[in-house]
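[1] what follows is a protein structure lacking sequence information:
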């Protein structure tokens, strides 16, 4: 059964149509990867799932409830069931790591400070960063920031984790650490994951299923094996990292 | 040509109305959370650091500005009053000007620059680095968490800083008038006391509550809806100061007119040159 469902989603920013009649189902306990070039609307799609953006047309469903028509206050309850890893980590600059990770617990539970501290330590150990609770976000490397953000995203043991370009800006080793973490959380916490990325290594490592967004539409939906052997030229070029003739012509005109 | 001009006017009007609507929604949302959660312990915990940032850290700049404005008032008015043999009444004019107009307006304008810019920059940076979205997806309303404590701190502390600005302004005026220019101390304080009524002191302080609220709301709003990147944050800071400043000046005029009409209706006309 689909835990998350997007039905005929349209979204436009000014003159630019970012999503056009997008339909998507995410099954419970599975990891779905949304592929697409930079600026293709992947993050926009992800933000629709959690109600950060509302569609111009269409419906967003979560756990049998239509959420695109909910008010901000009603959405707050729904969002407690989600964890979201932002592209830029989005850690609170003015708080240390422990307060960042403990933030959802402080806001939404009545746990005592010592209980929160214990959970924070546990989550930081899960992401392989024990003993950095007192550090400020500015003192962390890009990879560490992502892992702290991930620890924060799982603080409330969410049912769904949404990852917005989790490996962007990281070196291959750090990227692999993040990929391993995604797989580990998937198997240990039995969460439903939606990963937005254009990193094919990451996609193949974590995905149960992949979809690809191109010019506002989903042009591919299948397993990692399907995408490797696809006959769709656009998808195939994306998977193999090959620019089209048209894109290369633009480059030549710049050189002239 | 004419069609394009009309189209441009229409689009600009439309954008202005849309922004005004967005601001009204933001204000309504802020007051909703202020009423629902403003008095809770968690809110008070968030309020104290903001009171420190907005209030305590503004003390030096408000004190210096207020003091020097009082001194300038004394220097500028002394010669005029001396020319008509009324220099003893200097205290009344300085006191009246400072508590009614200069104190509240100047303190608020200084706060719009110091605090308003900082609030817009802080929230703007949080916006462009997705920290506001992070709050939302963690089930916390950023208006409740970030705007309400900042707004409350502005509303509560602007009147206190205004009183402080009044006091430093009067001390500055007294220092120049009495200690430097030789106005006798007794008449200075006598006219300061008799030239100003409690009504006028209250008028300035009540105005400052609204000025503080305006600074808080405009600055937070500009930060919340700032454009992308460093340019967007920088522009939010500038816009926040300009919009706060213009709002304070306009509100000051409206409040002055309303308060004057009310005063005349209740007590009649009172002159600083009276007894």
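    Done, it's in. Note that the structure is predicted; figures quoted are calculated from it, not measured.

[2] how about residue A:41: what's its closest non-neighbour residue?
    Closest residue to residue A:41 apart from its sequence neighbours, by Cβ to Cβ, 6 or more residues apart in numbering or on different chains: residue A:18 at 4.0 Å. (Glycine included, C-beta is placed from N, CA and C.)

[3] would you map the helices across the stretch 1-150 of chain B?
    B:2-37, B:41-54, B:59-83, B:90-97, B:103-111, B:117-128, B:131-137, B:142, B:148-174 (DSSP state H, counting those that start in this stretch).

[4] closest to chain A out of those helices?
    Judged by Cβ to the nearest Cβ, the one of the helices of the stretch 1-150 of chain B that comes nearest to chain A is helix B:131-137, at 3.8 Å.

[5] and that closest one with chain A, contact?
    Yes. Using Cβ under 8 Å from any Cβ of the partner chain, helix B:131-137 reaches chain A at B:131, B:133, B:134, B:136, B:137.

[6] quick check, the first one in contact with residue A:92.
    Yes. Because the distance of 6.0 Å satisfies Cβ atoms under 8 Å, residue B:131 is recorded as touching residue A:92.

[7] ok, back up a step: element containing the residue nearest to residue A:41, please.
    Taking DSSP states H and E as the definition, residue A:18 sits inside strand A:16-27.

[8] tell me how far the residue most central in space within chain B lies from residue B:146.
    With distances taken as Cα atoms, centre = their mean, chain B has residue B:108 as the residue nearest its mean C-alpha position (2.4 Å). Relative to residue B:146, residue B:108 is positioned 22 Å away (Cβ to Cβ, to the nearest Å).

[9] one more: residue B:256?
    On the measure of Cβ to Cβ, residue B:256 and residue B:146 end up 33 Å apart.

[10] and these two? which has more neighbours close in?
    Using other Cβ atoms under 10 Å in any protein chain shown, the more surrounded residue of residue B:256 and residue B:146 is residue B:146, with 23 against 15.

[11] now that one: closest residue in space that isn't a chain neighbour?
    Residue B:146's closest residue in space is residue B:123 (Cβ to Cβ, 6+ apart), at 6.3 Å.

[12] contact partners for that neighbour?
    B:132, B:146, B:147, B:219, B:220, B:223, B:224, B:226 (Cβ atoms under 8 Å, 6 or more residues apart in numbering or on different chains).

[13] rerun that using 7 Å as the cut-off
    By Cβ atoms under 7 Å, 6 or more residues apart in numbering or on different chains, the contact list for residue B:123 reads B:146, B:220, B:223, B:224.

[14] I'd say residue A:217 and residue A:19 touch.
    No. Residue A:217 lies out of contact with residue A:19 (Cβ atoms under 7 Å); the separation is 8.2 Å.

[15] quick one: which of the two has more around it?
    residue A:19 (25 against 15).

[16] for the more buried one, which non-adjacent residue is spatially closest?
    Spatial nearest neighbour of residue A:19, chain neighbours left out: residue A:11 (4.1 Å); criterion: Cβ to Cβ, 6+ apart.

[17] and the average pLDDT for the helix or strand that contains that neighbour is what?
    Assessed by DSSP H and E, residue A:11 sits inside strand A:2-13. Strand A:2-13 shows a mean pLDDT of 91 in the predicted model.

[18] how about it: buried residues?
    A:2, A:3, A:4, A:5, A:6, A:7, A:9, A:11 (16 or more other Cβ atoms under 10 Å in any protein chain shown).

[19] stretch B:235-249 now?
    For stretch B:235-249, by 16+ other Cβ under 10 Å, it's B:235, B:236, B:237, B:239, B:240, B:241, B:243, B:244, B:245, B:247, B:248.

[20] and what of stretch A:11-27?
    In stretch A:11-27, counting by 16+ other Cβ under 10 Å, buried: A:11, A:18, A:19, A:20, A:22, A:24, A:25, A:26.

[21] so the first one versus residue A:32, what's the distance?
    Computed as Cβ to Cβ, the residue A:11 to residue A:32 distance reads 19 Å.

[22] what of the fourth one?
    Plainly put, residue A:20 is 20 Å away from residue A:32 if you go by Cβ to Cβ.

[23] which residues does residue A:251 contact?
    Per Cβ under 7 Å, 6+ apart, neighbours of residue A:251: none.

[24] what helix or strand is it located in?
    Going by DSSP H and E, residue A:251 is part of helix A:245-255.

[25] measure stretch B:52-60 end to end?
    13 Å (Cα to Cα, to the nearest Å).

[26] do stretch A:63-83 as well
    15 Å.

[27] give me the contact list for it.
    The contact list for stretch A:63-83, computed with Cβ under 7 Å, 6+ apart, reads A:3, A:50-51, A:54-55, A:59-62, A:108, A:153-154, A:156, A:158-162, B:136-137, B:139, B:141.

[28] sorry, back to before: output the contacts of residue B:123 as CSV; include the columns secondary structure.
    Listed next are these as CSV, based on DSSP: H, G, I helix; E, B strand; the rest coil:
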residue, secondary structure
B:146, helix
B:220, helix
B:223, helix
B:224, helix
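
[29] chain A contacts on the stretch 1-150 of chain B?
    B:129, B:130, B:131, B:133, B:134, B:136, B:137, B:138, B:139, B:140, B:141 (Cβ under 7 Å from any Cβ of the partner chain).

[30] those residues: which two are farthest apart?
    B:129 and B:139 (19.5 Å; Cβ to Cβ).

[31] could you find the closest non-adjacent residue to residue B:118?
    residue B:53 (7.4 Å).

[32] give me the neighbour count for that neighbour.
    17.

[33] and the pLDDT for residue B:38?
    For residue B:38, the pLDDT comes out at 68.

[34] okay, now residue A:168: neighbour count?
    18.

[35] OK, contacts around it?
    residue A:87.

[36] quick one: strands adjacent to the helix or strand containing residue A:161?
    Counting by DSSP H and E, the element that carries residue A:161 is strand A:160-164. Sheet pairing for strand A:160-164, assigned by DSSP bridges, gives strand A:82-85 (parallel), strand A:192-197 (parallel).

[37] ok, residues contacting that strand?
    By Cβ under 7 Å, 6+ apart, strand A:160-164 touches A:3-4, A:43, A:46, A:49-50, A:81-87, A:153-154, A:182, A:185, A:191-196.

[38] picking that back up, which of the contacts of stretch A:63-83 are buried?
    Looks like these have A:3, A:50-51, A:55, A:60-62, A:108, A:153-154, A:156, A:158-162, B:136-137, B:139, B:141 buried, using 16+ other Cβ under 10 Å.

[39] quick one: pLDDT of residue B:61?
    92.

[40] could you do residue A:134 as well?
    Model confidence at residue A:134 (pLDDT) stands at 89.

[41] could you find the closest non-adjacent residue to it?
    residue A:96 (5.6 Å).

[42] contact partners for that neighbour?
    Going by Cβ under 7 Å, 6+ apart, the list of residues near residue A:96 reads A:133, A:134, A:135, A:136.
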